[in-house]
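**Student:** fold the following for me, if possible:
(2 chains)
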Amino acid sequence: MTPTDISVTAVERWIESPLKQFVEDAQALLALLLNASGQVLGQHGFTRAVDVMAACALAAAIHASSSELGRLMQGSPFGALHHAGRGRQLFLAAPETARGTLVFLTVFDSASSLGIVQLYFEELRARLAEAAPPPRSSAPVVLAQDFESDLDRNLALLFHR
Amino acid sequence: MTPSVSGPAPSGALSPFAAALDALARQRGVVGALVVSEHDGIVVDANVHTGVRAPTVAALAASLYRKARLSADAAGLGHASYVELVASHGRLCMAGRDDTVLVLIAEPHAASGLLRVAMLQALQAVP
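**Tutor:** The predicted structure follows:
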(Lines give C-alpha, C1' and ligand atoms only; values in the text may rest on other atoms or scores of the structure.)
Protein backbone atom coordinates (compact mmCIF):
# COMPACT_ATOMS: atom_id res chain seq x y z
CA MET A 1 0.00 0.00 0.00
CA THR A 2 1.51 3.33 -1.00
CA PRO A 3 0.67 6.64 0.72
CA THR A 4 -1.53 7.54 -2.25
CA ASP A 5 -3.72 4.47 -1.62
CA ILE A 6 -4.31 5.43 1.99
CA SER A 7 -7.53 7.23 2.59
CA VAL A 8 -6.96 10.28 4.74
CA THR A 9 -9.43 13.12 4.89
CA ALA A 10 -8.51 16.49 6.28
CA VAL A 11 -10.21 19.81 6.81
CA GLU A 12 -7.11 21.66 5.58
CA ARG A 13 -4.75 20.44 2.85
CA TRP A 14 -1.49 20.86 4.81
CA ILE A 15 -2.57 18.09 7.18
CA GLU A 16 -3.16 15.42 4.52
CA SER A 17 0.35 14.50 3.45
CA PRO A 18 1.95 14.24 6.93
CA LEU A 19 -0.99 12.20 8.19
CA LYS A 20 -0.92 9.86 5.17
CA GLN A 21 2.79 9.32 5.61
CA PHE A 22 2.35 8.50 9.29
CA VAL A 23 -0.40 5.97 8.60
CA GLU A 24 1.70 4.32 5.90
CA ASP A 25 4.92 4.21 7.95
CA ALA A 26 3.43 3.22 11.29
CA GLN A 27 0.80 0.83 9.85
CA ALA A 28 -1.80 2.53 12.02
CA LEU A 29 -5.41 1.35 11.96
CA LEU A 30 -6.88 4.68 13.00
CA ALA A 31 -5.47 8.19 13.14
CA LEU A 32 -7.15 11.36 14.27
CA LEU A 33 -5.88 14.90 14.42
CA LEU A 34 -7.86 17.53 16.24
CA ASN A 35 -7.38 20.83 17.92
CA ALA A 36 -7.29 21.10 21.68
CA SER A 37 -10.96 22.04 21.86
CA GLY A 38 -11.98 18.81 20.14
CA GLN A 39 -12.64 20.00 16.57
CA VAL A 40 -11.56 17.38 14.05
CA LEU A 41 -8.85 18.38 11.54
CA GLY A 42 -8.04 15.09 9.84
CA GLN A 43 -8.70 11.38 10.10
CA HIS A 44 -7.88 7.96 8.75
CA GLY A 45 -9.78 4.74 9.29
CA PHE A 46 -13.12 6.02 10.54
CA THR A 47 -16.19 5.30 8.46
CA ARG A 48 -18.84 7.15 10.43
CA ALA A 49 -18.95 10.83 11.36
CA VAL A 50 -20.49 9.99 14.71
CA ASP A 51 -17.45 7.88 15.65
CA VAL A 52 -15.11 10.72 14.74
CA MET A 53 -17.18 13.11 16.84
CA ALA A 54 -17.11 10.79 19.85
CA ALA A 55 -13.39 10.02 19.48
CA CYS A 56 -12.55 13.74 19.20
CA ALA A 57 -14.51 14.60 22.32
CA LEU A 58 -12.89 11.79 24.29
CA ALA A 59 -9.37 12.51 22.99
CA ALA A 60 -9.69 16.21 23.83
CA ALA A 61 -10.95 15.28 27.30
CA ILE A 62 -8.11 12.81 27.91
CA HIS A 63 -5.55 15.36 26.71
CA ALA A 64 -7.01 18.08 28.93
CA SER A 65 -7.13 15.76 31.96
CA SER A 66 -3.62 14.37 31.55
CA SER A 67 -2.18 17.83 30.87
CA GLU A 68 -3.78 19.17 34.02
CA LEU A 69 -2.69 16.14 36.02
CA GLY A 70 0.87 16.71 34.76
CA ARG A 71 0.75 20.35 35.82
CA LEU A 72 -0.43 19.25 39.24
CA MET A 73 2.17 16.48 39.67
CA GLN A 74 5.25 17.87 37.98
CA GLY A 75 4.53 21.48 37.08
CA SER A 76 4.19 20.81 33.34
CA PRO A 77 1.87 18.71 31.17
CA PHE A 78 2.69 15.02 30.72
CA GLY A 79 3.98 13.95 27.31
CA ALA A 80 2.49 11.19 25.21
CA LEU A 81 0.02 8.71 26.59
CA HIS A 82 -0.01 5.02 25.71
CA HIS A 83 -2.77 2.58 26.55
CA ALA A 84 -2.29 -1.10 25.71
CA GLY A 85 -5.43 -3.11 25.11
CA ARG A 86 -5.70 -6.84 24.47
CA GLY A 87 -5.57 -6.59 20.70
CA ARG A 88 -5.24 -2.90 19.99
CA GLN A 89 -3.21 -0.10 21.52
CA LEU A 90 -3.78 3.61 21.72
CA PHE A 91 -1.21 6.41 21.53
CA LEU A 92 -2.15 10.02 22.21
CA ALA A 93 0.20 13.00 21.99
CA ALA A 94 0.08 16.74 21.40
CA PRO A 95 2.17 18.09 18.51
CA GLU A 96 2.93 21.81 18.54
CA THR A 97 2.38 23.75 15.31
CA ALA A 98 2.08 27.35 14.23
CA ARG A 99 -1.67 26.75 14.49
CA GLY A 100 -1.26 25.96 18.20
CA THR A 101 -1.20 22.71 20.14
CA LEU A 102 -3.01 19.90 18.33
CA VAL A 103 -4.05 16.52 19.68
CA PHE A 104 -3.10 13.37 17.82
CA LEU A 105 -4.68 10.01 18.51
CA THR A 106 -3.75 6.77 16.81
CA VAL A 107 -4.77 3.15 17.27
CA PHE A 108 -2.57 0.28 16.17
CA ASP A 109 -2.41 -3.50 16.49
CA SER A 110 0.30 -6.12 16.40
CA ALA A 111 1.27 -5.16 12.84
CA SER A 112 2.96 -2.17 14.43
CA SER A 113 4.48 -1.47 17.85
CA LEU A 114 4.75 1.31 20.37
CA GLY A 115 8.36 1.93 19.35
CA ILE A 116 7.39 2.24 15.68
CA VAL A 117 4.50 4.57 16.50
CA GLN A 118 6.72 6.76 18.70
CA LEU A 119 9.37 6.86 15.99
CA TYR A 120 6.99 7.93 13.24
CA PHE A 121 5.08 10.26 15.51
CA GLU A 122 8.29 12.29 15.88
CA GLU A 123 8.41 12.53 12.08
CA LEU A 124 4.74 13.49 11.95
CA ARG A 125 5.36 16.17 14.57
CA ALA A 126 8.20 17.63 12.49
CA ARG A 127 6.20 17.45 9.24
CA LEU A 128 3.17 19.14 10.78
CA ALA A 129 5.32 21.86 12.32
CA GLU A 130 6.92 22.46 8.92
CA ALA A 131 3.69 22.35 6.94
CA ALA A 132 1.45 24.38 9.23
CA PRO A 133 0.71 27.78 7.76
CA PRO A 134 0.97 30.77 10.08
CA PRO A 135 -2.17 31.44 12.08
CA ARG A 136 -4.73 33.55 10.29
CA SER A 137 -4.85 37.09 11.65
CA SER A 138 -8.59 36.73 11.85
CA ALA A 139 -8.47 33.20 13.23
CA PRO A 140 -11.88 32.45 14.69
CA VAL A 141 -12.02 31.88 18.42
CA VAL A 142 -13.79 28.68 19.40
CA LEU A 143 -16.92 29.80 21.15
CA ALA A 144 -19.37 27.54 22.89
CA GLN A 145 -22.28 28.79 20.78
CA ASP A 146 -20.39 28.04 17.51
CA PHE A 147 -18.87 24.76 18.60
CA GLU A 148 -21.53 22.46 17.23
CA SER A 149 -21.84 24.23 13.90
CA ASP A 150 -18.02 24.24 13.49
CA LEU A 151 -17.92 20.56 14.34
CA ASP A 152 -20.68 19.78 11.85
CA ARG A 153 -18.89 21.78 9.16
CA ASN A 154 -15.62 19.88 9.72
CA LEU A 155 -17.35 16.50 9.77
CA ALA A 156 -19.21 17.39 6.58
CA LEU A 157 -15.92 18.25 4.92
CA LEU A 158 -14.36 14.94 6.02
CA PHE A 159 -17.28 12.75 5.04
CA HIS A 160 -18.41 14.74 1.99
CA ARG A 161 -21.92 15.22 3.33
CA MET B 1 37.59 4.96 21.20
CA THR B 2 34.01 6.18 21.21
CA PRO B 3 32.60 6.42 24.71
CA SER B 4 29.75 4.08 25.39
CA VAL B 5 26.39 4.92 26.83
CA SER B 6 24.56 2.43 28.96
CA GLY B 7 20.82 2.21 28.83
CA PRO B 8 18.24 2.42 31.58
CA ALA B 9 19.90 1.67 34.93
CA PRO B 10 17.44 1.91 37.78
CA SER B 11 18.89 3.78 40.77
CA GLY B 12 22.36 2.25 40.88
CA ALA B 13 21.21 -1.36 40.47
CA LEU B 14 22.59 -3.30 37.52
CA SER B 15 19.91 -4.56 35.17
CA PRO B 16 19.72 -8.33 34.64
CA PHE B 17 20.90 -7.72 31.08
CA ALA B 18 24.00 -5.68 31.97
CA ALA B 19 26.50 -8.56 31.97
CA ALA B 20 25.26 -9.96 28.65
CA LEU B 21 25.27 -6.52 27.03
CA ASP B 22 28.77 -5.73 28.32
CA ALA B 23 30.08 -9.02 26.94
CA LEU B 24 28.54 -8.29 23.53
CA ALA B 25 29.68 -4.67 23.48
CA ARG B 26 33.29 -5.78 24.09
CA GLN B 27 33.35 -7.78 20.85
CA ARG B 28 35.57 -6.23 18.19
CA GLY B 29 33.69 -3.95 15.81
CA VAL B 30 30.53 -3.74 17.90
CA VAL B 31 29.15 -0.22 18.27
CA GLY B 32 26.03 -1.08 20.18
CA ALA B 33 24.17 -3.89 21.91
CA LEU B 34 20.55 -3.60 22.88
CA VAL B 35 17.88 -5.67 24.57
CA VAL B 36 14.55 -4.84 22.95
CA SER B 37 10.98 -5.91 23.56
CA GLU B 38 9.78 -7.53 20.34
CA HIS B 39 6.14 -6.69 21.02
CA ASP B 40 6.68 -3.03 21.93
CA GLY B 41 9.83 -2.20 19.95
CA ILE B 42 11.15 -0.39 23.02
CA VAL B 43 14.68 -0.47 24.46
CA VAL B 44 14.79 -2.53 27.65
CA ASP B 45 18.52 -2.00 28.21
CA ALA B 46 21.38 -0.90 26.00
CA ASN B 47 25.10 -0.42 25.80
CA VAL B 48 25.76 1.75 22.75
CA HIS B 49 28.38 4.19 21.58
CA THR B 50 27.52 7.87 21.66
CA GLY B 51 25.62 8.89 18.55
CA VAL B 52 23.76 5.62 18.09
CA ARG B 53 20.02 6.34 17.95
CA ALA B 54 19.05 3.46 20.21
CA PRO B 55 15.25 4.01 20.28
CA THR B 56 15.08 4.25 16.49
CA VAL B 57 17.23 1.17 15.96
CA ALA B 58 15.25 -0.72 18.60
CA ALA B 59 11.87 0.06 17.02
CA LEU B 60 12.90 -0.84 13.49
CA ALA B 61 15.04 -3.86 14.40
CA ALA B 62 12.29 -5.37 16.56
CA SER B 63 9.85 -4.92 13.67
CA LEU B 64 12.32 -6.49 11.23
CA TYR B 65 13.04 -9.41 13.53
CA ARG B 66 9.35 -10.01 14.11
CA LYS B 67 8.62 -10.06 10.38
CA ALA B 68 11.55 -12.38 9.72
CA ARG B 69 10.35 -14.70 12.48
CA LEU B 70 6.80 -14.72 11.09
CA SER B 71 8.10 -15.26 7.53
CA ALA B 72 10.18 -18.25 8.62
CA ASP B 73 7.22 -19.65 10.48
CA ALA B 74 4.86 -19.10 7.52
CA ALA B 75 7.31 -20.83 5.19
CA GLY B 76 7.36 -23.81 7.51
CA LEU B 77 10.99 -23.26 8.42
CA GLY B 78 10.43 -23.21 12.14
CA HIS B 79 11.91 -20.81 14.63
CA ALA B 80 14.18 -18.05 13.29
CA SER B 81 16.99 -18.06 15.80
CA TYR B 82 19.27 -15.49 14.21
CA VAL B 83 18.76 -12.71 11.66
CA GLU B 84 21.56 -10.68 10.12
CA LEU B 85 21.23 -7.62 7.89
CA VAL B 86 24.35 -6.66 5.97
CA ALA B 87 24.46 -3.01 4.90
CA SER B 88 27.16 -0.99 3.16
CA HIS B 89 28.45 0.50 6.41
CA GLY B 90 27.95 -2.33 8.81
CA ARG B 91 25.67 -5.06 9.94
CA LEU B 92 22.69 -5.48 12.22
CA CYS B 93 22.41 -8.80 14.04
CA MET B 94 19.30 -9.94 15.86
CA ALA B 95 18.51 -12.98 17.95
CA GLY B 96 15.36 -13.51 19.94
CA ARG B 97 13.66 -15.61 22.54
CA ASP B 98 10.10 -15.14 23.77
CA ASP B 99 9.54 -11.37 23.66
CA THR B 100 13.22 -10.48 24.05
CA VAL B 101 15.34 -9.53 21.05
CA LEU B 102 19.08 -8.96 21.30
CA VAL B 103 20.23 -6.44 18.71
CA LEU B 104 23.84 -5.85 17.81
CA ILE B 105 25.11 -3.00 15.64
CA ALA B 106 28.51 -3.80 14.19
CA GLU B 107 31.03 -2.32 11.81
CA PRO B 108 31.63 -4.04 8.45
CA HIS B 109 34.93 -5.58 9.55
CA ALA B 110 33.39 -7.32 12.59
CA ALA B 111 33.67 -11.11 12.44
CA SER B 112 30.11 -12.23 11.81
CA GLY B 113 30.72 -15.81 12.90
CA LEU B 114 32.02 -14.73 16.29
CA LEU B 115 29.18 -12.28 16.70
CA ARG B 116 26.63 -14.97 15.96
CA VAL B 117 28.10 -17.32 18.56
CA ALA B 118 28.37 -14.51 21.11
CA MET B 119 24.78 -13.47 20.55
CA LEU B 120 23.34 -16.96 20.82
CA GLN B 121 25.33 -17.50 24.03
CA ALA B 122 24.18 -14.16 25.41
CA LEU B 123 20.61 -15.05 24.57
CA GLN B 124 20.87 -18.18 26.69
CA ALA B 125 22.28 -16.13 29.55
CA VAL B 126 19.61 -13.43 29.65
CA PRO B 127 16.76 -14.06 32.08
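**Student:** around chain A, pick out the residues from chain B.
**Tutor:** Selection of chain B residues close to chain A by CB under 8 Å from any CB of the partner chain yields B:36-37, B:39-43, B:55-56, B:58-60, B:62-63, B:66. For the C-beta atoms, the positions are set from N, CA and C on the backbone; glycine is no exception.
**Student:** 10 Å instead, please
**Tutor:** Taking CB under 10 Å from any CB of the partner chain as the contact definition, chain B meets chain A at B:36-43, B:53, B:55-63, B:66-67.
**Student:** looking at these, which are in helices?
**Tutor:** Among the residues of chain B next to chain A, the members found in helices (DSSP state H) are B:Pro55, B:Thr56, B:Val57, B:Ala58, B:Ala59, B:Leu60, B:Ala61, B:Ala62, B:Ser63, B:Arg66, B:Lys67.
**Student:** okay, the residues you listed in a markdown table with pLDDT, neighbour count and distance to B:Asn47 next?
**Tutor:** Compiled in a markdown table, those are given as follows (pLDDT from 0 to 100; neighbours: other CB atoms under 10 Å in any protein chain shown; distance: CB to CB, whole Å):
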| residue | pLDDT | neighbour count | distance to B:Asn47 |
| --- | --- | --- | --- |
| B:Pro55 | 95 | 17 | 15 |
| B:Thr56 | 96 | 16 | 16 |
| B:Val57 | 96 | 21 | 13 |
| B:Ala58 | 97 | 29 | 13 |
| B:Ala59 | 97 | 26 | 18 |
| B:Leu60 | 96 | 19 | 19 |
| B:Ala61 | 96 | 25 | 15 |
| B:Ala62 | 96 | 28 | 17 |
| B:Ser63 | 96 | 20 | 21 |
| B:Arg66 | 95 | 21 | 23 |
| B:Lys67 | 94 | 13 | 25 |
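**Student:** pull out the buried residues from stretch A:106-119.
**Tutor:** By neighbour count on 16 or more other CB atoms under 10 Å in any protein chain shown, the buried set for stretch A:106-119 is A:Thr106, A:Val107, A:Phe108, A:Ser112, A:Ser113, A:Leu114, A:Gly115, A:Ile116, A:Val117, A:Gln118, A:Leu119.
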